[in-house]
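Peer 1: compute the structure for the input listed below.
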Amino acid sequence: MARLNKKQKALAATFDGEKLYGFDEALKALKDVASKKFDETVEVAMNLSVDPRHADQMVRGMVSLPAGTGKAMKVAVFAKGDKADEALAAGADKVGAEDLMEDMAAGNIDYDRVIATPDMMGVVGRLGKVLGPKGLMPNPKLGTVTPNVAQAVKDAKGGQVEFRVEKAGIIHSGIGKLSFTDDQLRDNFKAFTQAIVKARPSGAKGKYVKKITVTSTMGPGLKIDMAEVEGA
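Peer 2: Presented below is the predicted three-dimensional model:
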């Protein structure tokens with residue numbers, strides 16, 4: 001991992017951990033202390049007043065980031081016949097059926113997204129203990145179990161990210177790279193945070209979004225003013 005130089009460390013030390021930043025102000029601060037050795041990922045973390053142990057307080061879904069993520073997504077698809085051909089044409093990295101299931105069962109699961117046609121779930125179901133813990137199990141609610149595998153592959157490759165709240169009520173995701181333009185990162189920030197606001201579960205009580213923080217791979221965590229997020 002790259003290290004900050006003396007100037008960057010000095011700048012990072014000046015940040016006020018309690019200050020509320022506007023998104024543009026926070027982005028400038030992160031770019032000021034950015035490493036020159038690699039393109040850092042910009043991440044958003046949101047603290048929510050939910051307990052995901054209760055089904056009516058789970059927050060999970062998909063959101064398409066307008067400017068993409070800056071990351072090459074590796075996608076596997078369970079499909080046969082014409083659907084397999086469609087998935088390959090859409091850019092899937094691996095397509096198969098029982099052969100793909102056996103390959104994954106052997107430990108070859110280096111994928112960011114796994115998609116399946118509905119008729120393949122009998123085969124995919126055997127991988128529950130393999131894909132489940134990695135959050136890769138295809139799910140119709142997330143659009144990863146679908147007859148339209150071509151569109152699902154294009155969405156995954158085009159900047160769609162999955163979000164899921166963790167035990168402590170925190171939900172986070174990368175929203176792009178520091179090399180993105182300010183407008184691109186702002187658009188992605190807005191798309192991600194609005195998706196979380198819209199996904200408010202029925203069991204959430206009181207103030208739903210408690211805190212929003214923006215950071216980069218090597219940068220400090222900066223608190224964002226709630227006024228930056230409509231409905232928060």
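Peer 1: could you use CA atoms for every contact and neighbour count after this?
Peer 2: Fine.
Peer 1: pull up the distance across stretch 55-63, start to finish.
Peer 2: Across stretch 55-63, the straight-line distance between its terminal residues is 21 Å, by CA to CA, to the nearest Å.
Peer 1: report the distance from that stretch to the chain centre.
Peer 2: The chain centre lies 13 Å from the centre of stretch 55-63; the measure is CA atoms, centre = their mean, to the nearest Å.
Peer 1: helices of the chain, residue ranges please.
Peer 2: Counting by DSSP state H, one finds helices in the chain at the ranges 6-13, 23-32, 81-90, 98-105, 121-124, 128-131, 149-157, 182-198.
Peer 1: show me what the second one is packed against.
Peer 2: Counting contacts by 3 or more CA pairs under 8 Å, 6 or more residues apart in numbering; DSSP states H and E, helix 23-32 packs against helix 182-198, strand 209-216, strand 222-224.
Peer 1: out of those, deepest packed?
Peer 2: Here the criterion is mean neighbour count by mean count of other CA atoms under 10 Å, and of those the winner is strand 222-224, at a mean of 24.
Peer 1: name every strand pairing with it and say which way it goes.
Peer 2: On the basis of DSSP bridges, the sheet neighbours of strand 222-224 come out as strand 20-21 (parallel), strand 209-216 (antiparallel).
Peer 1: and that strand, what's its mean pLDDT?
Peer 2: Across strand 222-224, pLDDT averages out at 94.
Peer 1: neighbouring contacts of it?
Peer 2: Judged by CA atoms under 8 Å, 6 or more residues apart in numbering, the contacts made with strand 222-224 from elsewhere in the structure are 17-23, 26, 211-215.
Peer 1: how about stretch 190-198?
Peer 2: Contacts to stretch 190-198, defined as CA under 8 Å, 6+ apart, come from residues 59, 63-66, 175, 209, 229-232.
Peer 1: now do stretch 18-27
Peer 2: If you take CA under 8 Å, 6+ apart as the criterion, stretch 18-27 is touched by 182, 186, 214, 222-225, 228.
Peer 1: recalculate using a threshold of 6 Å.
Peer 2: Stretch 18-27 has contacts (CA atoms under 6 Å, 6 or more residues apart in numbering) with 223-225.
Peer 1: which positions in that stretch come out as buried?
Peer 2: For stretch 18-27, the neighbour count (16 or more other CA atoms under 10 Å) marks 20-21, 23, 26-27 as buried.
Peer 1: do the same with stretch 56-70
Peer 2: Going by 16+ other CA under 10 Å, stretch 56-70 has these buried residues: 57-70.
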